[in-house]
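In: Need a 3D model of the following:
(chains A and B)
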There are 2 protein chains.
Amino acid sequence: MASLTVTDIRRLRLDSTPISKTVAPSVSADDFKSINSRRKPRSKKFDHHFSFECRAFNGSALKKSASVASSKKIISLGTGRPTADYYPWKMLAFESLTPALKESADQVSTDSPELQTVTKQDCDYNLALALNYGGAMGSPHLLRFFSEHTEMVHNPPYQDWDICLTAGATSAMEIAYRIFCNRGDNILMEDYTYPGTIEGASQLDLHICGVPIDAEGASADFLRKVLETWHLSRGAKPTIFYTIPYGHNPTGVTQSVTRRREIYQIAEEHDLIIIEDDPYYFLNMGSRAADISSNDTRIPTYLSIDTSGRVVRLDSTSKILAPGLRAGWVTASAQVIQKFIAYQEVSTVAVSGPSQLMLWKLLDETWGHEGFFTWLNNLSLEYRVRRDIMVGACELYLPKDICSWVDPVCGMFLWIELDWEKHPRFKHKDQLAQRASPAELVDIEQNILSASLANGVQVTKGSLFKCDKNALSKMHFRMTFAAAAKGDLEEGVKLFADAVKKEFALNL
Amino acid sequence: MASLTVTDIRRLRLDSTPISKTVAPSVSADDFKSINSRRKPRSKKFDHHFSFECRAFNGSALKKSASVASSKKIISLGTGRPTADYYPWKMLAFESLTPALKESADQVSTDSPELQTVTKQDCDYNLALALNYGGAMGSPHLLRFFSEHTEMVHNPPYQDWDICLTAGATSAMEIAYRIFCNRGDNILMEDYTYPGTIEGASQLDLHICGVPIDAEGASADFLRKVLETWHLSRGAKPTIFYTIPYGHNPTGVTQSVTRRREIYQIAEEHDLIIIEDDPYYFLNMGSRAADISSNDTRIPTYLSIDTSGRVVRLDSTSKILAPGLRAGWVTASAQVIQKFIAYQEVSTVAVSGPSQLMLWKLLDETWGHEGFFTWLNNLSLEYRVRRDIMVGACELYLPKDICSWVDPVCGMFLWIELDWEKHPRFKHKDQLAQRASPAELVDIEQNILSASLANGVQVTKGSLFKCDKNALSKMHFRMTFAAAAKGDLEEGVKLFADAVKKEFALNL
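Out: Below is the predicted model of the structure:
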């Protein structure tokens, strides 16, 4: 079925009933889907995947009791929500950038001439709502935008997908663990990955089974083999696979479409939940200019091929708008989203109102879906320029017989492998000598890091990303082209290269 | 030792080194304390109270590696933090209210004539910092404000207290459970309490041992008895006591100073951690006009009498500024705050930047400590007026032989007890008849709730707050005077009274 266009969305909104103006209303993506979605089959049941505590846990009874749908005026003596008269802010105003269509990446955007203001009692979403308690699923105004966005971009092939806002993907992942995992469970993820995910797992006493990564992403062969030959002496067979499919952190690898389909097929056979943590999806620096608003140039996500409803997709605003918002959204089957909402009700409660208000005013009221797509396309161009500078500098400065890397096509990371066998500590040793121990590798890594810092550049040690630190057998550094000033990227790489050469006793 | 004054704080700041302008710097309350604090004894060690997972858990290695202190320029290729050039907001502006000193409560504040603006590269705290990743302990600018505030208001009697920001008190409590409790542990709290705390406990499989409440708050006698006679057949002896000491939710009771000291003494004898959840502390409606900035009229908190460092105090901005900010702070000994920071690093990561920016701009840059105190004093006056309206309406409309209550002196809740023996279902029964079953009570409660809603008023069922639903033996409703328009409070109480009378078959 073809994805919706921005024009379809516009028509859909005109035909819909207006959004409720009550405090913290209970809404879901169903309120904003097109008729196409309703024609799809329903998701499979996955409640056998819920952890013991999660099965019986349904969130906050108080919050449910607070949600009253009524056509007449109800005087609220029920919930301890201070009246908006006592919020000390009368008005917020934002000045934003306007994304312009363009061919080159000289500038990411042009200036917006006007201030967008929000007062306490604006007609639609306003300070009185945003500064009050909000629903754990997010404000309806923002939920509508992300629902429409999801139907356009991913068009999940089943009917009852749903969305809730999250306090960022790290928070969402921490909740996902509690939804799906019992203490002591085994979980699958790429054997190098985002440290927050590793640390989140270990503080819940989960055991990580690392999946090696090749040029096309996580190894499907390994995944299949580990699941087919799983022996219960290792504990319960893993039921979740956590993956960063685009511009993988830290390796920069993007999973091929073939690999993605292969892994989804394995998930179907072995009844795996796939957690698709995808903050870098929209930073697409492929050789031809990708247009995210077009069905033709967009690579399919797990969510877009998920016929069963076994994918939990985590989106984040951190890499595409601003990390300080602490806002993201999760898309999955309604049965799973209900659990996310329940856990959020007793922890984060809701995403910051000011963050939601800024997102809504910018995305929905100012840019619209077209503007957002343009912003994302422009951002991809920007990152392409930055990546090219960094890769160019690597070619120029890094010692090639020691350092190797693959040019990333998505995301913000370059992953440099260092051939430790060339290090003075090892290269004169007998060819039959033992492999470097993890401690030796970490030791050399630390020397290079310290020398880099002394030179004036900060890079990140590869060992921080290794799931099983005791199995460390290679040496890597992760460099990002996202954070430094564009003009500093080349110098930064040079300073790092100097540190590597010094440690490997090469001439500077 | 006397508490600091606003003048002392001003002098202290002048003598301090300026705050670092790096992204997500690592700071603590120690950076902002007066010399007085350093002269106090250190806290006792409490690491034996940490849960098994918590003992070994130290947060995010990546975040620690990202924090580089250097006097020279460091080019960052280390952390995946997008440059501020790519945040689409150029400027935020806020218009706020100005608290004015006054004797009456005609208005909570006067209008502020000017807009407070923040641009990307303002000299101090700005959009480039607030929209980037922030430290899990909070921005140094806001942390300084709350540290100073804490030293002035609570002046903890030990040296190494510390503070970190939280994504609200509900989030902080959920983290506190994971710091202090192993699965299956027994915990103490008031036998009616905030449902989020009850639900947070049950999703972690903790067992609540409810402490009855009298007019002076949680019963110290009960607490002492339960601890002295604890038998291991009930599981491990409780090691935490969670309490809402001021304007208790839902009962509105405020613990007396004597009771507070008694409970602290029991905590010392039985090595309890006290979790002081105190969102209503500053809503003080006592008969004489309380001035929160004065040592003389302020009631001591647990934190202020905590010589050992066994109190974990949760503050929230929800009831005193705006709930939608999702921001609060926790004060405890440094060893405990380190654990809060660790758990936040792998979940919420940081409090929303826009929320922090709004708080800082308002509290620190616009109001200052004096303005904040004035705001809190005015708010107390406002709540006093609202409480008086509601209590007056209760006197007028509620049937006195069925309904009883105690006028609250803090907070926002009125707790109405209904004498179920007067209900037609019971009153004609034999005097020796059995007590009403929890199911019967809940049934009548639900009838009154439905009738209230049909009349046009929302109230909250008392049973929602009961820790042990199976032990329900009384009937209550909680009403708040915080949420409705002031002019609707009397009408709301009348509509509820009508519903009660109808259910109890009295003449309307």
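
In: list the contacts for the one residue sitting closest to the centre of chain A?
Out: The centroid of chain A falls nearest to residue A:279 when counting by CA atoms, centre = their mean (2.9 Å). Residues in contact with residue A:279, defined by CB atoms under 8 Å, 6 or more residues apart in numbering or on different chains, are A:169, A:244, A:314, A:315, A:316, A:318, A:319, A:320, A:328. Glycine gets a C-beta too; all of them are placed from N, C-alpha and C.

In: OK, contacts around the nearest residue to it once chain neighbours are set aside?
Out: Spatially, and ignoring its direct neighbours in sequence, residue A:279 is nearest to residue A:316 (4.2 Å; CB to CB, 6 or more residues apart in numbering or on different chains). By CB under 8 Å, 6+ apart, the contact set of residue A:316 is A:168, A:169, A:279, A:327, A:328.

In: ok, how many other residues are close to the second one?
Out: This means residue A:169. Residues lying near residue A:169 (other CB atoms under 10 Å in any protein chain shown) number 28.

In: wait, doesn't it sit right on residue A:315?
Out: Yes. Using CB atoms under 8 Å, residue A:169 makes contact with residue A:315 at a distance of 7.3 Å.

In: coming back round to it: A strand includes the residue nearest to the centre of chain A, no?
Out: No. Read with DSSP: H, G, I helix; E, B strand; the rest coil, residue A:279 is coil and lies in no strand.

In: next one: phi and psi at the spatially closest residue to residue A:87 that is not a sequence neighbour?
Out: Leaving aside its chain neighbours, residue A:87 sits nearest to residue B:322 (4.1 Å; criterion: CB to CB, 6+ apart). Residue B:322 adopts backbone torsions of phi -170, psi 130, taken as degrees, to the nearest 10.

In: roughly how far apart are residue B:322 and residue A:86?
Out: Distance, residue B:322 to residue A:86, using CB to CB, to the nearest Å: 8 Å.

In: Looking only at neighbour counts, state which of the two leads.
Out: residue B:322 (27 against 20).

In: how about the helices of the stretch 251-400 of chain A, start to end?
Out: Secondary structure of the stretch 251-400 of chain A (DSSP state H, counting those that start in this stretch): helices at A:257-270, A:334-345, A:353-359, A:368-397.

In: closest to chain B out of the ones you listed?
Out: helix A:353-359 (2.8 Å; CB to the nearest CB).

In: which outside residues touch that closest one?
Out: A:92, A:94, A:118, A:125, A:127, A:129-132, A:134, A:138-139, A:142, A:165, A:317, A:321, A:325-327, B:89, B:92, B:322, B:324-326, B:352-355, B:358.

In: coming back round to it: I figured the residue nearest to residue A:87 was touching residue A:133, is that so?
Out: No. Residue B:322 is beyond contact range of residue A:133, at 9.6 Å (criterion: CB under 8 Å).

In: Low-confidence stretches in chain A?
Out: Applying pLDDT under 70 to chain A flags the ranges A:1, A:69, A:101-113, A:287-290, A:429-434.

In: can you do 50?
Out: A:432 (pLDDT under 50).

In: List the contacts of residue A:459.
Out: A:449, A:452, A:477, A:478, A:479, A:496, B:77, B:78.

In: Name only those of those that count as buried.
Out: Buried by 16 or more other CB atoms under 10 Å in any protein chain shown: A:449, A:452, A:477, A:478, A:479, A:496, B:77, B:78, out of those.

In: Looking at these, spot the one nearest residue B:16.
Out: residue B:78 (28.7 Å; CB to CB).

In: Correct me if wrong: residue A:424 contacts residue A:504.
Out: Yes. Residue A:424 is within contact range of residue A:504, at 7.0 Å (criterion: CB under 8 Å).

In: Residues contacting stretch A:390-409, please?
Out: A:215, A:247, A:252-254, A:284-287, A:387, A:414-419, A:422, A:479, A:481, A:489-490, A:492-494, A:496-498, A:500-501, A:504, A:506, B:77.

In: So which of these are in strands?
Out: A:414, A:415, A:416, A:417, A:418, A:479 (DSSP state E).

In: Looking at neighbours, which among those residues is most surrounded?
Out: Busiest of the ones in strands among the contacts of stretch A:390-409 [other CB under 10 Å] is residue A:479, holding 29 neighbours.

In: is it in a bridge, and if so with what?
Out: According to DSSP bridges, the residues that bridge with residue A:479 are residue A:414.

In: quick one: contacts for residue A:389?
Out: A:481, A:486, A:489, A:490.

In: Mind picking the two most distant members of the contacts of residue A:279?
Out: Maximum distance among those (CB to CB): 15.1 Å, for A:244 and A:320.

In: could you measure the residue nearest to residue A:87 against residue B:372, distance?
Out: 14 Å.

In: What of residue A:493?
Out: Counting by CB to CB - residue A:493 and residue B:372 are separated by 48 Å.

In: picking up where we left off before, closest one of the ones in strands among the contacts of stretch A:390-409 to residue A:48?
Out: residue A:415 (37.1 Å).

In: Make sure that closest one is actually in contact with residue A:462.
Out: Yes. If you go by CB under 8 Å, residue A:415 and residue A:462 touch, sitting 7.5 Å apart.

In: what's the overlap in contacts for these two?
Out: A:250, A:476, A:477, A:478.

In: I'd like those written out as JSON lines, with distance to residue B:234 and secondary structure added.
Out: Formatted as JSON lines, the shared contacts of residue A:415 and residue A:462 follow (distance: CB to CB, whole Å; DSSP: H, G, I helix; E, B strand; the rest coil):
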{"residue": "A:250", "distance to residue B:234": "48", "secondary structure": "coil"}
{"residue": "A:476", "distance to residue B:234": "52", "secondary structure": "strand"}
{"residue": "A:477", "distance to residue B:234": "54", "secondary structure": "strand"}
{"residue": "A:478", "distance to residue B:234": "51", "secondary structure": "strand"}
